[in-house]
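Asker: Just the structure for this:
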Amino acid sequence: MRNIAGKVVLITGAARGIGAQTARELAGRGAKLALVGLEPEALAEVAAELGEQHYWAEADVTDPESIEAAVAGAVDALGGIDACVANAGIAPVGTVREGDPRGFLKTIDVNVNGVFHTARAVLPHLVDRRGHLLVVSSLSAFTPIGGMAAYTASKSAAESLASALRMEVLHLGVTVGSAHPSWVDTDLVRDVASDLETFTLMRKRLPWPMRSITTPEKCAKAFADGVEKRSRRVYVPRSIVLLHWLRNLNSSLLMEQALKPLLRKMIPKLEQEARELGRYMSERNQKINS
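Answerer: You can find the predicted model right below:
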């Protein structure tokens, strides 16, 4: 799939942020887009911006019937599916000890079960066209940080799911990869930063490249390149590959001791801010996913 022109790419979580920007990048390369998400007005706006040959559908990735209907609609409208970017994701606020359990459960449902339901829905069509599935995981999958347990667990699971699925469908001509962006300047990151001042302070004090932040445009270009090249791994920025190679160090006693003074100071503050906030994720995501 070295040339994406004329190919059909389905993207979940396509209404805004990385999903919408990846759609713009792929459309600019000549791809036909199927935009899927929970915000119909925003999806319609992105589709209109891209042009007439694209399709959008409201769907909830945690509901298998919903995502199956969206995939079927995309196939009817565009003739098939050559690639899929399983991008839909959320992040809660709070810790395991004090966070709202609903935040943890919802994060797992969207970030893990949502990938599963999406993969199940698109795989028959990817098999038909010997296509590619890109699962959006995160830097967090191999750099666990206190205060992000739910997100880290979900993105680690998404990475493992992608790796196992790759081996299951390789003989069918389908390839599967995982993407690992660091902090991206999107609504998701900005909303959490706005809610929790400690979140921003802690991120800025992490060692390089764990604190790296990038733009949606650069992230979208990397994702589009990953789809075209059928990449097994996509790192955004590229320096994140160092942390993948050193993933055992990232969760080692050495790293724990290095971060202990920071965590001892910041985690109680984060918990206090989350208690005062009175909700388990950003206001925007809680409204969309309610």
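
Asker: any idea which helix or strand carries the residue in the chain sticking out farthest from the centre?
Answerer: Among residues of the chain, the one most distant from the C-alpha centroid is residue 261; the distance is 30.1 Å, by C-alpha atoms, centre = their mean. Here residue 261, judged by DSSP states H and E, is contained in helix 253-277.

Asker: ok, now residue 231?
Answerer: Using DSSP H and E, residue 231 falls within no helix or strand.

Asker: burial measure for the closest residue to it other than its chain neighbours, as a count.
Answerer: Sequence neighbours aside, residue 177 is the residue nearest to residue 231 in space, at 4.9 Å (criterion: C-beta to C-beta, 6 or more residues apart in numbering). Glycine gets a C-beta too; all of them are placed from N, C-alpha and C. Here the count is done by other C-beta atoms under 10 Å, and residue 177 has 23 residues near it.

Asker: try the one 5 residues further on
Answerer: When neighbours are counted by other C-beta under 10 Å, residue 182 registers 22.

Asker: Over to residue 89. Which of the three states is it?
Answerer: coil (DSSP: H, G, I helix; E, B strand; the rest coil).

Asker: what ranges do the strands span in this protein?
Answerer: Taking DSSP state E, the strands of the chain run over residues 8-12, 32-37, 55-58, 83-86, 132-136, 175-181, 183-184, 213-214, 233-236.

Asker: partners of the last one, with directions?
Answerer: Right, strand 233-236. Next to strand 233-236 in the sheet, as set by DSSP bridges, lie strand 175-181 (parallel).

Asker: pLDDT score for residue 144?
Answerer: Model confidence at residue 144, given as pLDDT, is 80.

Asker: excluding its backbone neighbours, what's nearest it?
Answerer: Among residues not flanking residue 144 along the chain, residue 152 sits closest, at 4.8 Å (C-beta to C-beta, 6+ apart).

Asker: Let me know whether the one you found touches residue 139 as I believe.
Answerer: No. Assessed by C-beta atoms under 8 Å, residue 152 is found out of contact with residue 139, at 9.7 Å.

Asker: does the spatially closest residue to residue 10 that is not a sequence neighbour have beta-bridge partners, and which?
Answerer: Closest residue to residue 10 apart from its sequence neighbours, by C-beta to C-beta, 6+ apart: residue 34 at 4.1 Å. With DSSP bridges as the criterion, residue 34 is bridged to residue 10, residue 55.

Asker: Residue 34 is in contact with residue 80, isn't it?
Answerer: No. With contact defined as C-beta under 8 Å, residue 34 does not reach residue 80; the gap is 10.2 Å.

Asker: hey, what's in contact with both of these two?
Answerer: Here residue 34 and residue 80 have residue 8 as joint contacts, going by C-beta atoms under 8 Å, 6 or more residues apart in numbering.

Asker: between these two, which one's more packed in?
Answerer: For residue 34 versus residue 80, the count of surrounding residues by other C-beta under 10 Å is larger for residue 34: 27 against 15.

Asker: tell me the contacts of that one?
Answerer: Applying C-beta under 8 Å, 6+ apart, the residues near residue 34 are 8-11, 54-57, 70-71, 74, 77-78, 81.

Asker: got those residues as CSV, with neighbour count columns?
Answerer: Formatted as CSV, those follow (neighbours: other C-beta atoms under 10 Å):
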residue, neighbour count
8, 25
9, 31
10, 32
11, 29
54, 23
55, 21
56, 27
57, 22
70, 26
71, 26
74, 29
77, 15
78, 19
81, 25
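
Asker: From those residues, pick the one nearest residue 220.
Answerer: Nearest to residue 220 among the contacts of residue 34 is residue 11, at 10.2 Å by C-beta to C-beta.

Asker: And the closest one, what's its pLDDT?
Answerer: At residue 11, pLDDT is 98.

Asker: Distance of it relative to residue 29?
Answerer: Distance from residue 11 to residue 29, counting by C-beta to C-beta, to the nearest Å: 14 Å.
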